[in-house]
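J.: need a structure here:
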Amino acid sequence: MAKLNARDEERRAAREVAGSNRADYSEALERGLLVLTAFERAEERLTQAQVARKLELPRATVRRALLTLAHLGYVVPEDRAYRLGPKVLTLASAYLTTNPVSQVVQPVCDRLAEEFQASCTVAVLDGAAAVMIARALPRHALPLGQGIGFQVPAARSALGLALLSGLDEERRHHHLVAHAGLDDGAVAALETRIAAAAEAGHAYVADDVEAGFHSLAVPLRRWDGTVVAALNMGTGVERIPAAQMHERVLPVLRETAAALQPQLV
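T.: Prediction:
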């Protein structure tokens, strides 16, 4: 195995594997999955060297991972580069078909998107991001790269703030320190903002993720009160003004969240 760099040595020292010990952790599997995350909309074709530089991994490690992934069908070689293969969709499909939240909320997103002629999204918290697991737009196709699986920064989005508001103070602080990459002052300011969202029962963000766009999100709780996702409506500020977002949209989101709670197990 290639010698670990200082970053990976630090990660290995801090690693905890639930129900096991550190020696049982497969670094080869971790690096193989990291290689899949290197491909993005703006970088849909990457060479071995580009992946190695982007992930700060040894070139030999990336080469082995890409050749193995190509053999399994998860990436496709093109000249001297690689792109993701259709088989990658089976990973997302398995999650979506076995996750009861996704199955329950997609029809809700479809209905709300048509009612308000705005985007409706449900997302879950994944590290520093809120990841969309259901989404609907009115009357037109879902834009490439902005549908299921698309991520927005948890610390700057209404979806993320609603999700973070469901954590208790200790878990919230640990999450921000571990994932947000902020200094102490920024963490404290963000904690204040999240606490306000928790007290209000919703989060509202304008212009933070995209200029001229605002969104409103409420946490989705399962039957025992635990926050498992967040429900969001978003649109241009000129189409639905902020006052109407709070007066018209927010009550519907709250009613929808309450109606969904018994179905989320």
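J.: torsion angles phi and psi at V249?
T.: Taking degrees, to the nearest 10, you get phi -80, psi -40 for the backbone angles of V249.
J.: surely it is in contact with M233?
T.: Yes: V249 is in contact with M233 according to C-beta atoms under 8 Å; the separation is 5.1 Å. No exception for glycine: its C-beta is placed from N, CA and C like everyone else's.
J.: between these two, which contacts overlap?
T.: Common neighbours of V249 and M233 (criterion: C-beta atoms under 8 Å, 6 or more residues apart in numbering): 116, 118, 216.
J.: and those as JSON lines, adding distance to S102 and secondary structure?
T.: Formatted as JSON lines, the shared contacts of V249 and M233 follow (distance: C-beta to C-beta, whole Å; DSSP: H, G, I helix; E, B strand; the rest coil):
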{"residue": "F116", "distance to S102": "21", "secondary structure": "helix"}
{"residue": "A118", "distance to S102": "20", "secondary structure": "coil"}
{"residue": "L216", "distance to S102": "21", "secondary structure": "strand"}
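J.: just to revisit the earlier point, and V249 and M233? which has more neighbours close in?
T.: Comparing V249 with M233 by other C-beta atoms under 10 Å, the one with more neighbours is M233, at 27 against 22.
J.: where does the more buried one land in three-state SS?
T.: Following DSSP: H, G, I helix; E, B strand; the rest coil, the label given to M233 is strand.
J.: oh, and call the first residue 5 from now on, that's how I've got it
T.: Will do, 5 is the new start, and the previous item becomes M237.
J.: quick one: residues contacting it.
T.: Applying C-beta under 8 Å, 6+ apart, the residues contacting M237 are 116, 120, 122-125, 219-221, 249, 253, 257.
J.: close enough to count as contact, L257 and L235?
T.: Yes: between L257 and L235 there is a contact under C-beta under 8 Å: 5.8 Å.
J.: overlap in contacts of these two?
T.: 221-222.
J.: neighbour count for those two, which is higher?
T.: Neighbours were counted for L257 and for L235 using other C-beta under 10 Å; L235 has more, 27 against 24.
J.: Provide a list of residues in contact with the more buried one.
T.: 109, 112, 124-126, 166, 221-224, 257, 260-261, 264.
J.: let's go with 10 Å and repeat that
T.: 109, 112-113, 116, 124-127, 138, 163, 166, 206, 220-224, 256-258, 260-261, 264 (C-beta atoms under 10 Å, 6 or more residues apart in numbering).
J.: now do V269
T.: 104-105, 108, 226-228, 232.
J.: strands of the stretch 155-269 of the chain, start to end?
T.: Secondary structure of the stretch 155-269 of the chain (DSSP state E, counting those that start in this stretch): strands at 155-157, 207-210, 217-225, 231-240.
J.: weakest of those strands by average pLDDT?
T.: The minimum mean pLDDT among the strands of the stretch 155-269 of the chain belongs to strand 155-157 (a mean of 85).
J.: what pairs with that one, parallel or antiparallel?
T.: Taking DSSP bridges as the criterion, strand 155-157 forms sheet pairs with strand 133-140 (antiparallel).
J.: pull the CA atoms of the strand it pairs with into CSV?
T.: C-alpha atoms of strand 133-140 as CSV (Å, rounded to 0.1, in the frame of the first residue of the first chain):
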residue,chain,number,x,y,z
ALA,A,133,-23.9,19.5,2.7
ALA,A,134,-27.7,19.1,2.4
VAL,A,135,-28.3,16.4,-0.2
MET,A,136,-31.5,16.4,-2.2
ILE,A,137,-33.4,13.1,-2.1
ALA,A,138,-36.6,14.3,-3.7
ARG,A,139,-37.3,17.3,-5.9
ALA,A,140,-39.9,18.7,-8.3
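J.: I'm done for today, thanks for sticking with me.
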